[in-house]
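Participant: need a 3D model of the sequence below.
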Amino acid sequence: MIAHLRRRAQLAASARVVAHLRATHQRVYPRPEQGLFNQRCHDNVAEWCRVHPGHGCTEVVQVEPDGDPALHYVARDPEGALLEVSVGYRAGECEYYRVRDLADPAEAARGFAARLEYWRAAYVSPWGKLLRVERVV
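Facilitator: Modelled structure (predicted):
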């Protein structure tokens, strides 16, 4: 019963995140570059930027086809175009909303847990926190 209530609270918070993003953030369309499919986008982007000098990193929220949001990082080329270096061809199936550009690509890996906590604290209701919803994006 508690697990069911926790899942409902998590779904409600995720729906609030997606509604907020669609209303207030710029939708962006990253170009697929490579597909590693390993759920380590923060490390993938930091490595991409190390190998490709002059590239940067942008924090986005990726909305999966099923509506689940996920904190995600994409590379940014010197001209400002966004490059998907983690999910490859699946980029066309998802929605992306720009959150912020990072000055240092390594910041994506260092600050990942803190950013997850920011989204959880901002969008999980008091009941969801009581039910111990741990992650929203």
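Participant: give the buried residues for stretch 96-107.
Facilitator: Under the neighbour-count criterion of 16 or more other Cβ atoms under 10 Å, stretch 96-107 has Tyr96, Tyr97, Arg98, Val99, Leu102, Pro105, Glu107 buried. Heads up, the C-betas are built off the backbone N, CA and C, glycines and all.
Participant: from the chain's centroid, how far away is that stretch?
Facilitator: 10 Å (Cα atoms, centre = their mean, to the nearest Å).
Participant: circling back: in helices, which of the buried residues of stretch 96-107 fall?
Facilitator: Glu107 (DSSP state H).
Participant: between the buried residues of stretch 96-107, which sits nearest Arg120?
Facilitator: Checking those against Arg120 by Cβ to Cβ gives Val99 as the nearest, at 14.9 Å.
Participant: state the pLDDT value of that closest one.
Facilitator: Here, the pLDDT recorded for Val99 equals 94.
Participant: surely it meets Cys57?
Facilitator: No: taking contacts as Cβ atoms under 8 Å, Val99 lies outside contact range of Cys57: 11.3 Å.
Participant: if we can go back for a sec, let's see which of the buried residues of stretch 96-107 end up in strands.
Facilitator: Cross-referencing the buried residues of stretch 96-107 against strands under DSSP state E gives Tyr96, Tyr97, Arg98, Val99, Leu102.
Participant: quick one: contacts for the spatially closest residue to Arg76 that is not a sequence neighbour?
Facilitator: Distances taken as Cβ to Cβ, 6 or more residues apart in numbering place Gly56 nearest to Arg76, at 4.2 Å, with adjacent residues excluded. When contacts are counted by Cβ atoms under 8 Å, 6 or more residues apart in numbering, Gly56 touches Cys49, Ala75, Arg76, Asp101, Leu102, Ala103, Pro105.
Participant: against which helices or strands is the longest helix anywhere in the chain packed?
Facilitator: Longest helix in the chain by number of residues (criterion: DSSP H): helix 2-24. Other helices and strands packing on helix 2-24, by 3 or more Cβ pairs under 8 Å, 6 or more residues apart in numbering; DSSP states H and E, are strand 56-63, strand 69-76, helix 112-123, helix 126-130.
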